[in-house]
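Trainee: Provide a 3D model corresponding to the input given below.
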Amino acid sequence: MHHYPDLTKPESDGVYCYYIQRRVSCVISGYCHAKGMSPNTATLIDVCFAVFAAIAFYLQNFMLAVLFIQLFGIWSCVDGELARLSRKTSTLGDFYDTMVDRASELIIVAGILFSFDEILSTPIWQPLLFAYIGAVFLITNSSEKYRSAYHSNYPKRRVELLFSWVCAGSDIRFLYLSIGIVWFVVTGNPFILFWLIVLMTLALYINFLFRLWKVSQIDQSISP
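Mentor: Just a heads-up that it's a prediction; the model follows:
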């Protein structure tokens, strides 16, 4: 594949992102780079896919929403790859890329919340989504704080391989959410999605506690 795996982030990429999404995004990035697309344009396209996914959820066009979620996941890689290809990486660009990813996940999950609120008709659906978003905030904030404190990406795929397959990255979270939604479309059973979110929420909080311990171990290994 074009520039794969040279354009990846082996330390911080999730497993689904590294092995699947990057193989597609690197091809797209190579084509877009040849056409002169800027990283900022790719970021804007990424935001549009997230918004389109939320709108599709609101309209209860679930398969279209899943398609936009997967396109969002791929394009969230493209802007950084374009920056590296064009050697236009910047601290500001990295900051906005991170903010876009976090805001987009919130937008998409909000779309899921409103679209399934009546379908599930259970009183714990809204508190569950609140707990899920809180867990996502903790795990993503811990990654960014690690980067600011230690001046390197948190080595998620190396030290949290199990969690990388379960919940640690937005790539794998969106994959499982997509599977739950497709299952609902095919079978009419929304509770697979419900229980997927329950299990990911629990796993995220466990992952956060594990990460607190793991960072202390890493700090001890690098301290003079």
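
Trainee: distance from the helix or strand that L92 is a member of to the middle of the chain?
Mentor: Secondary structure from DSSP states H and E places L92 in helix 91-120. Relative to its chain's centre, helix 91-120 lies at 9 Å (C-alpha atoms, centre = their mean, to the nearest Å).

Trainee: for the record, mean pLDDT for it?
Mentor: Helix 91-120 shows a mean pLDDT of 86 in the predicted model.

Trainee: following element in sequence after that helix, please.
Mentor: helix 125-150.

Trainee: looking at the spatially closest residue to V185 that is not a sequence neighbour now. What's its pLDDT?
Mentor: The shortest distance from V185 to any non-neighbouring residue, by C-beta to C-beta, 6 or more residues apart in numbering, is to F62 (5.1 Å). From N, CA and C alone the C-beta is placed, and that goes for glycine too. Looking at F62, its pLDDT reads 96.

Trainee: count of residues packed around F62?
Mentor: For F62, the neighbour count with other C-beta atoms under 10 Å is 19.

Trainee: contacting residues around it?
Mentor: By C-beta atoms under 8 Å, 6 or more residues apart in numbering, the contact list for F62 reads A56, S115, I181, V182, F184, V185.

Trainee: quick one: low-confidence residue ranges for the protein.
Mentor: Along the chain, segments meeting pLDDT under 70 span 1-2, 4, 223-224.

Trainee: tell me where it has helices.
Mentor: Remark: helices assigned in the chain by DSSP state H are 15-16, 22-34, 39-58, 62-86, 91-120, 125-150, 156-159, 161-164, 170-187, 191-222.
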